[in-house]
Structures are given as C-alpha cells and as structure tokens.
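K.L.:
fold the stuff below for me.
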Amino acid sequence: MHQPLRMICNKDALATNWKWLAARAGVRCAAAVKADGYGLGAREVVSVLVAAGCRDFFVSTWWEAEQLGLLPVEASLAVLHGIGPDDLRSGDVPGCRPVLNTPDQVARWKQIAPERPCDVMIDTGMNRLGLRPEEGGVLAGLRIHTLHSHLACADEDHLLNGKQLRQFRAAAAAIPAERYSLANSAGILLGPDYAFDLVRPGLSLYGGIPRLEARGHIEAVVQLEAQVVQRRTIPAGESCGYGATFVAAQETQVAIANIGYADGYWRGFSSVGSARFDDAALPVLGRVSMDLVALDCGARPGLKEGDWISLDFELERAAEQSGKSQYELLTGLGHRFERHWH
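P.N.:
Coordinates of the predicted model:
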C-alpha cells in the first residue's frame, strides 16, 4: 500500500555518530534504542550499530525487548525499568539483564535468578529511578554486571553534575560490579571524568545536539519527506488554514503537503517551519493541521500534485522553532512514515 510519507534514515551517519561518541568517551560505548530506536526503528538501528562495533544496547521495558527480538550472539541487552511484579516470566529472556531500581526488584531478581548477572541503578540526585545509596545493603549476593546512575542536567553546566559525579564515585567504591556507567550523550561531552567503563548515548546517535561541543561532529540521521496533495492559488486578502492566521498579502501559490501534527510535525512549526523542493525554500503558511500543512511554493512553479517535498528537520533548529525538545521531535514521529534506510 502506498504511503505518502517517507522517513529517510542514513546508516552511515548513524554509524559515524556512534564512532565519534565512542572515540570522545574513550571507553566502551553502548546505545539506547528505547522508544523504537528513538522513532527510527530499533531493529534497523541495532543492525547498523552492531556492524559499526556496538555490543551493548538498552531498552526501557521487557515489551520493547520482545519487540526487538534476538540480538546477535555477541551483543547484550539491558532493560532500564527493571523487573516489575508483572515481568516475572519476561525476566527469563535469554541474553537480557534487568537494571534493578528498587529493593522489591532486587528481591524479585534474587527469587528468579540469583545466579544470573543483573545491572543496578543507583540514584545520585535525579530522584527518578534507582536505589538510594543508603539502600545499597540489599544488593549483597547479587552478580552485578553494570552499576549505573543517570545525570539530570548534563546538557548544561549545572552544579548538580559535579555533585552526582562525586556521589557515583562513592557508590562505585562501595558496590562491587564488573563495570560502572554514568554518562548519556550529554554526559560524554562533560569530559573523561564522567566516562567510567561504559557510556550510554541516545539522542546524539540519531543526530541530536545535546551540548555545543557536539556541533560540527554529529551528523543528521533523519530526513522527512511528504507528498503534495494539492497545489492551489490563494487570492490576495484570503486566509489559509485554521484560525485564519495567514492572510495572503498578494496572490500566493500554495502546496498542501500530506503531513501534520499526527505525524510528529507539531503545531509549533506553524508559520515558522519550512520545506524544500529542488533546493528552493517553501515556508509554512498558517497553522499546521493534523494531517496537512500549507507551504508557499511560489519559488517553484513546477511543483505539482504528487511531487515529494523535504521538510527542514535539523533537530537543534527544529527544536527552537517548534518549542519541542529534540527528544520529542524524534520519538514523536508517527507510524504513518514509510522508513527507508540508505
């Protein structure tokens, strides 16, 4: 069945981003592939990154682990949300480790598979997931593969970064594990003190810029394309779209493209976003609708119904335009895109 939306994913850019992050960290580099590979398709992302040399992957839930399927024998998968009361059977998935976050999860794992390795999350100040340092006594008897914590403010120069680093060092000194991991994408860019034995990038793998240090090094991975549904002329003085927020000052040629906020092209792009056709800019006119967006196509008289336009979706700039975070832009991309890997 024909789909009028395409997501073009660049394998080389994804692999290059992972290699740059690994080199920057100077230690083993994993990949967060939760949220279906940040919206790109987790199976395809894993395939590309395994070929690039990545061996450690992270998802949020056991359902995501099941959807991902079996990894290559040399790769491992950890489930960040641990093992809840409804996950007892899931915890037996071969090759998967839970990241234990609570005393109850620890007790659950000791009941299920005390001889098998697991990961553990220690909370060092984010107060989201993880055992508090004073709860570390419950870990006695576990085979801890990787001890983790997670930085709350690594995308800025915040005092909490140093505080979390000190707390994690103290936890690492007190809790035996095969390896230790603190840094996400932004954390890698804070410097080698944050690297420990393993880093866990997510956003930057997919073209996101979490800190200024990544500019010029991280490549865009995703390109969005939409088909033109209709070309029309708006007479001078008439409006276009909901709320009549655009009124034509003169006769205006408009292309109506098959994309909208149901596809993750958010209303924040209204009157500020743009697309391209044959290198000509096509500004967004008026409000983005659920399934449609109007583009000024006066610069391209040859643009017609059925042609494909490319949305300007460079993540850092698109985040500024839309008011969404780069994470939301990626993971919000809808299921109506036909994904192409090149």
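K.L.:
when you work out contacts or count neighbours from here on, use the C-alpha atoms and nothing else.
P.N.:
Will do.
K.L.:
scan the protein for its longest strand.
P.N.:
strand 222-234 (DSSP state E).
K.L.:
just the C-alpha atoms of it, please, in PDB.
P.N.:
Extracted in PDB, the C-alpha atoms of strand 222-234 (Å, rounded to 0.1, in the frame of the first residue of the first chain):
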ATOM      1  CA  VAL A 222      16.700  11.500   9.700                       C
ATOM      2  CA  GLN A 223      15.200  13.300   6.700                       C
ATOM      3  CA  LEU A 224      11.400  13.600   6.400                       C
ATOM      4  CA  GLU A 225       9.600  13.700   3.000                       C
ATOM      5  CA  ALA A 226       5.900  14.200   2.300                       C
ATOM      6  CA  GLN A 227       3.900  14.100  -0.900                       C
ATOM      7  CA  VAL A 228       2.000  17.100  -2.200                       C
ATOM      8  CA  VAL A 229      -1.800  16.500  -2.100                       C
ATOM      9  CA  GLN A 230      -2.800  19.700  -3.900                       C
ATOM     10  CA  ARG A 231      -1.400  22.800  -5.400                       C
ATOM     11  CA  ARG A 232      -3.700  25.900  -5.200                       C
ATOM     12  CA  THR A 233      -3.800  29.700  -5.500                       C
ATOM     13  CA  ILE A 234      -4.900  31.800  -2.600                       C
END
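K.L.:
for residue 257, which non-adjacent residue is closest in space?
P.N.:
Using CA to CA, 6 or more residues apart in numbering and skipping the chain neighbours, the partner closest in space to residue 257 is residue 228 (4.3 Å).
K.L.:
who are the contact partners of residue 283?
P.N.:
Neighbouring residues of residue 283 by CA atoms under 8 Å, 6 or more residues apart in numbering: 271, 272, 273, 274, 275, 295, 296, 297.
K.L.:
check contacts around the fourth one.
P.N.:
It refers to residue 274. The contact partners of residue 274, taken as CA under 8 Å, 6+ apart, are 281, 282, 283, 284, 295, 311, 312.
K.L.:
what pLDDT does it get?
P.N.:
pLDDT, residue 274: 98.
K.L.:
of the contacts of residue 274, closest to residue 123?
P.N.:
For these, the minimum distance to residue 123 (CA to CA) is 38.2 Å, reached by residue 312.
K.L.:
so what's the residue lying closest to that closest one once chain neighbours are set aside bridging to?
P.N.:
Nearest non-adjacent residue to residue 312, counting by CA to CA, 6+ apart: residue 275, 5.1 Å away. Here residue 275 sits in beta bridges with residue 282, residue 311, going by DSSP bridges.
K.L.:
neighbours around residue 275, how many?
P.N.:
Counted by other CA atoms under 10 Å, the residues lying close to residue 275 total 22.
K.L.:
quick one: it from residue 319, how far?
P.N.:
To residue 319, residue 275 is 15 Å away according to CA to CA, to the nearest Å.
K.L.:
ok, residue 168 next?
P.N.:
Per CA to CA, residue 168 is found 31 Å from residue 319.
K.L.:
who has more neighbours, those two?
P.N.:
Set residue 168 next to residue 319 and count neighbours by other CA under 10 Å: residue 168 wins out with 25 against 19.
K.L.:
list the helices and strands the helix or strand where that one lies packs on?
P.N.:
Residue 168 belongs to helix 159-174 when elements are defined using DSSP states H and E. Packing partners of helix 159-174 (3 or more CA pairs under 8 Å, 6 or more residues apart in numbering; DSSP states H and E): none among the helices and strands.
K.L.:
immediately after it, which helix or strand?
P.N.:
Sequence order places strand 179-181 as the next helix or strand after helix 159-174, per DSSP H and E.
K.L.:
list the buried residues of that following strand.
P.N.:
The neighbour-count criterion (16 or more other CA atoms under 10 Å) identifies 180, 181 as the buried residues of strand 179-181.
K.L.:
show the buried residues in the contacts of residue 283.
P.N.:
Buried among these (16+ other CA under 10 Å): 271, 273, 274, 275, 295, 296, 297.
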